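A.B. asks: I'll drop the sequence and a predicted model, then ask my questions.
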Amino acid sequence: MTPNTPSLSVPKGLPVARPPGLPLEAWTPRGLYVHLPFCARRCPYCEFAVTPLRQDVERRYLAALALEAERRIPPAWRPTTLYLGGGTPAELTGEGVSRLVQILGPAAQGAREVTLEANPRTLLARKLGPLVAGLGVTRLSLGAQSFQAKLLAGLGRFHRAEDVTRAAVLAREHGLALSLDLIFAVPGQTSADLERDLDATLALEPAHVSLYNLTFEPGTAFDKRRLAGELVPQPEERQAELFDLARERLKAAGFLHYEISNFGRPGQLSLHNRLYWRNAGYLGLGNSAASHLKGERLSNHRDVADYASALERGELPIAEREHLDPDAKVRETAYLALRTSEGIVPERFERDTGHDPRVFFAREFARLCEIGVLQDRAGRIQLSGRGVSLADAVARELL
Amino acid sequence: MDQERIRNFSIIAHIDHGKSTLADRMLEITGVVSKREAREQILDGMDLERERGITIKAVGVTLPWTKDGVEYQLNLIDTPGHVDFSYEVSRSLAACEGAILLVDSTQGVEAQTVANCYLAVEGDLEIIPVLNKVDLQTSMPDDVAEEIENSLGLDATDAPHVSGKTGQGVKELLDRIVDQVPAPTGDRNAPLRALVIDAIYDDYRGIVVHIRVVDGVLEAKKKIMLMSSKSTYDINEVGIFQPKETSTGKLEAGEVGYFWGAIKTLDDIHIGETVTYAKDAGEVAAVALPGYAEVQPMVYAGIYPSFNADLPVLRKALDKLRLNDASFTYESEKSEALGFGFRCGFLGLLHMDVVQERIERESNVQMIQTAPSVKYEVLKNDGETIVINSPTLLPDPNFIDEIREPMVRASVVTPPEYLGLIMTFNEEKRGSYVRQEHIGQNRVILVYDLPLAEIVFDYYDKLKSGTRGYATLSYDVLGYYAADLIRLNVLVNGVEVDALSAICHRSVAEVRGRDLCQRLRKEIPRHMFDVPIQAAIGGRVVARETVKALRKDVTAKCYGGDITRKRKLLDKQKEGKKRMKHVGNVEIPQKAFLSILGGGDDGKKKKK
């Protein structure tokens, strides 16, 4: 063990005095994120740390993950949420699934929410079964993206609408809450296209919908095509219109718009993602995974080989650490909270950060409220309807 | 040296006609510098000048030359070739008896050829027309000689044909200078009188004064007196330029060189000053030499640090610059929009550019420059006349009887096919026709009286682009004339932005206001709210544009809890905003403050 190993002390109550400017929940990690980077192929818009599935790579990766889990998960720790993201976790081989269950089984005991990300085409009952049985999966997050062949082709997805339906049935058979990912503002997408996608989505009666605005991330194939003039992003105005259309439809269908890109039926909001927005504590395992522990933000090596090598050498796979000063912490807490419909709840904010937000941000709030992107209503500070589309602009005012 | 064997001369030319190259050949041929030493254009000492191919400061250099077995001392006094610096030409010429009028034989007579030649004629100098670049295939010496005769009334039939590049004809030209330029005729036994041609600041020696001794003898280690201020200074060293300073111990009547001593700042000495001895050091001259009028800045602009904290650094840079350039002025100024900065005066747009570039280069301070304007005279209704150098200083119209603006007589030399276009353009610019003159088969001089403000606004760029670079311009200030001028105010999101206001003629106010609003609309980024941009005269809005509110500025994902990465992205975006200026709730990029300029995209004027 290297001397600088940040062991995650098991919280029995609060171990030491909590420093100011640190949310209560950041001190006591509640969530565990595990990154599984394997994908059948890389989608041209995706910039996550993914790698093609190869059995030898999978073995090496899971061996490294086991080492990291052993080093970083304290024996008696029981996270409230577990999130298996990627990549495509459900794409592991049968052997890989068993290994994963072995590694995470103890920690997953008693988790209230266990989410599994999956691709509609490659999700198989023989993989899902052991994962549900071994890790207690409660939620399936399915990358539907669209239900229309032309848009799926445009996005470089290889599944078809029927695959989503099939996977949804499978989820239901295993008693899982279903969450569907949709991508909008795809070049060429019309309002009617989006309406059809929403119809198809609602027909599957999901518990949760994540609605992502297509972005052209630097380095992706999509961005290269954009720079070459082959792909023309939808105009900003149009993107906003499509977003408005979708959120109205989903709200009308009984969904709560509880975070910029997330909609859930009451009682079905993602507990794990809420930890991020509350600036709470979580542990992330696997390549590129991010952690927030005792006020420190850590992120692992992005590259699978770098990640595995570090652990094989007996080191932690941490590439970056960041310790924010209290002032920066306060600001970050505020901007993350504003991404949610809950917004900033002054009492909790003050408990977590030691500052009354209405005092700390008096000038900023006054200006943003005057502009009409923020509102202070019913005891909370939230983005207005228009402000939701401008969350980053608002964030820049607060950071 | 015997005055009989001294010749003092300048080379005058339009820019790019090869003045510096010819001077370099002269230095080389007279052995002042070896071929090996001969860098390109030795006389242009400053980097910036060399880069831009312009000469800003006058420099004198002494060339030994033997003709028919007799040794001569030829003093070449270099002159700037740009319209902004014509006053420097005239002061160089005041130290000479002769001038070489250098004309590029591939180009012909240009506006500055004419303007500089007139200065030489006024100075009663012997003028030798010389045709340069005769080694080039496109040379047309006969046509150009005819142009010289037609436009300047000089006999150019036996004008020397030279090539500064190859050295062809340069020896012969040096002989011609000996033959044609009169020797100086000062009285070496009379009390000392020396004309100050230039003064250069030097960190170690203080001010190095360039002089032409007219009467008497100037010796080192004596005490001199400046005749205008009666102040006295000890001098340490006297010498000539070869081209580096070479101490000679004394300078006699007719000679050109330098001295330095106890003079520490440029404010102590004026160009055109007469130097004599202090009472206890020698005989005091009774009458000063005719000096020249103090040069006045013609163009004013605000210079502000991009970051307020840089204000002291900027002030230091301006101080330093002023040490070497008395024609540049500055005073503190405060803008509502830009904070604290300086109102700076320049000889012209090129001078402004050169100064700005030098500050940025030497001090590393990023700055915002507001659009240039001219100086106005305002007759108030209480009878008082004030002079303002910034639109923000214009009093309320209720207190104004009359506003007067500087007018210039502008001469454009152009191929005849562009005449119509330039005349239309001049009319648009409120010009009034004076005369036109054909000076050759392919060349016309067109003279108009124009408001200087129009020239500063965008005249030069438009003239150049409209004539594919063929037309050349020179101008002389005529004086101040009343005009129907108003202040055009700009309001961004309802807040008046002082740094964007401009004085313009009532007849063009609406057009200019619209144009300005459109430019600003493109420069100001979208905000979370609509940003109206208005141009107004008094309370009357004459133009309006709106920067529509942002509709969407949000990242969909939080990168799987990688908050750091997301925040760094936001921080980076925020960094870009820091450089903007805040006016009310609106962030205005620095570039926008130049958008009031009509000319080039970024308001920069390149080499002219």
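C.D. replies: Yes, it's here. All of these numbers come straight from a predicted model, not from anything done at the bench.
A.B. asks: Flag every buried residue along the helix or strand hosting B:Val61.
C.D. replies: Here B:Val61 sits within strand B:60-67, counting by DSSP states H and E. For strand B:60-67, the neighbour count (16 or more other C-beta atoms under 10 Å in any protein chain shown) marks B:Gly60, B:Val61, B:Thr62, B:Leu63, B:Trp65, B:Lys67 as buried. The C-beta positions use only the backbone N, C-alpha and C, and glycine is treated the same way.
A.B. asks: Next SSE downstream of that strand?
C.D. replies: Immediately after strand B:60-67, counting by DSSP H and E, sits strand B:70-77.
A.B. asks: What number of residues are in the vicinity of B:Gly341?
C.D. replies: Taking other C-beta atoms under 10 Å in any protein chain shown as the criterion, the count of residues near B:Gly341 is 24.
A.B. asks: how close does it get to chain A?
C.D. replies: Distance of B:Gly341 to chain A, computed by C-beta to the nearest C-beta, to the nearest Å: 26 Å.
A.B. asks: just the helices in the stretch 401-550 of chain B please.
C.D. replies: Remark: helices assigned in the stretch 401-550 of chain B by DSSP state H, counting those that start in this stretch are B:419-428, B:452-454, B:460-466, B:506-523.
A.B. asks: Compute the inter-axis angle for the longest one and helix B:419-428.
C.D. replies: By that I understand helix B:506-523. Interaxial angle of helix B:506-523 relative to helix B:419-428 (axes from the mean of the first three to the mean of the last three C-alpha atoms, to 10 degrees): 100 degrees.
A.B. asks: Buried residues, helix B:506-523. List them.
C.D. replies: Buried-residue list, helix B:506-523, by 16+ other C-beta under 10 Å: B:Val508, B:Ala509, B:Arg512, B:Gly513, B:Asp515, B:Leu516, B:Cys517, B:Arg519, B:Leu520, B:Arg521, B:Glu523.
A.B. asks: so can I have JSON lines of these showing pLDDT and distance to A:Arg59?
C.D. replies: Output for the buried residues of helix B:506-523, formatted as JSON lines (pLDDT from 0 to 100; distance: C-beta to C-beta, whole Å):
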{"residue": "B:Val508", "pLDDT": "88", "distance to A:Arg59": "78"}
{"residue": "B:Ala509", "pLDDT": "91", "distance to A:Arg59": "78"}
{"residue": "B:Arg512", "pLDDT": "89", "distance to A:Arg59": "73"}
{"residue": "B:Gly513", "pLDDT": "92", "distance to A:Arg59": "72"}
{"residue": "B:Asp515", "pLDDT": "89", "distance to A:Arg59": "69"}
{"residue": "B:Leu516", "pLDDT": "90", "distance to A:Arg59": "68"}
{"residue": "B:Cys517", "pLDDT": "93", "distance to A:Arg59": "66"}
{"residue": "B:Arg519", "pLDDT": "89", "distance to A:Arg59": "63"}
{"residue": "B:Leu520", "pLDDT": "92", "distance to A:Arg59": "62"}
{"residue": "B:Arg521", "pLDDT": "93", "distance to A:Arg59": "60"}
{"residue": "B:Glu523", "pLDDT": "90", "distance to A:Arg59": "58"}
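A.B. asks: Let me see the residues that make contact with the strand holding B:Val61.
C.D. replies: B:23, B:26-27, B:30-32, B:43, B:71-78, B:95, B:174-175, B:177-178, B:197, B:210, B:212, B:240-243, B:255-258 (C-beta atoms under 8 Å, 6 or more residues apart in numbering or on different chains).
A.B. asks: Among the buried residues of strand B:60-67, which one lies nearest to A:Gly175?
C.D. replies: The closest of these to A:Gly175 turns out to be B:Val61 (C-beta to C-beta; 97.3 Å).
A.B. asks: Quickly find the element holding the spatially most central residue of chain A.
C.D. replies: Of all residues in chain A, the one closest to the mean position by C-alpha atoms, centre = their mean is A:Asn273, 5.6 Å from it. Per DSSP H and E, A:Asn273 falls inside helix A:271-277.
A.B. asks: near chain B at all, that helix?
C.D. replies: Yes - using C-beta under 8 Å from any C-beta of the partner chain, helix A:271-277 reaches chain B at A:Asn273, A:Leu275, A:Tyr276, A:Trp277.
A.B. asks: from those residues, which single one is nearest chain B?
C.D. replies: For the residues of helix A:271-277 next to chain B, the minimum distance to chain B (C-beta to the nearest C-beta) is 4.8 Å, reached by A:Tyr276.
A.B. asks: For chain B, give the strand that spans the most residues.
C.D. replies: As assigned by DSSP state E, the longest strand anywhere in chain B is strand B:400-414.
A.B. asks: Check which residues of that strand are buried.
C.D. replies: Neighbour count says strand B:400-414 has B:Ile400, B:Ile403, B:Arg404, B:Glu405, B:Pro406, B:Met407, B:Val408, B:Ala410, B:Ser411, B:Val412, B:Val413, B:Thr414 buried, by 16+ other C-beta under 10 Å.
A.B. asks: Output the contacting helices and strands for it.
C.D. replies: Applying 3 or more C-beta pairs under 8 Å, 6 or more residues apart in numbering or on different chains; DSSP states H and E, one finds that strand B:400-414 makes contact with helix B:111-122, strand B:376-380, helix B:419-428, strand B:443-451, helix B:452-454, strand B:472-483.
A.B. asks: and the stretch 51-200 of chain B, which residues reach chain A?
C.D. replies: Counting by C-beta under 8 Å from any C-beta, no residue of the stretch 51-200 of chain B sits close to chain A.
A.B. asks: Next, count neighbours for residue 164.
C.D. replies: In the absence of a named chain, this looks at chain A. Residues near A:Val164, counting by other C-beta under 10 Å: 26.
A.B. asks: Not quite, go with chain B.
C.D. replies: By the other C-beta under 10 Å criterion, the neighbourhood of B:Gly164 contains 25 residues.
A.B. asks: Tell me, what's the model's pLDDT at B:Val374?
C.D. replies: On the pLDDT scale, B:Val374 is placed at 94.
A.B. asks: residue contacts, it?
C.D. replies: With C-beta under 8 Å, 6+ apart, B:Val374 has these contacts: B:Met298, B:Val299, B:Tyr300, B:Glu405, B:Pro406, B:Leu452, B:Ala453, B:Val456.
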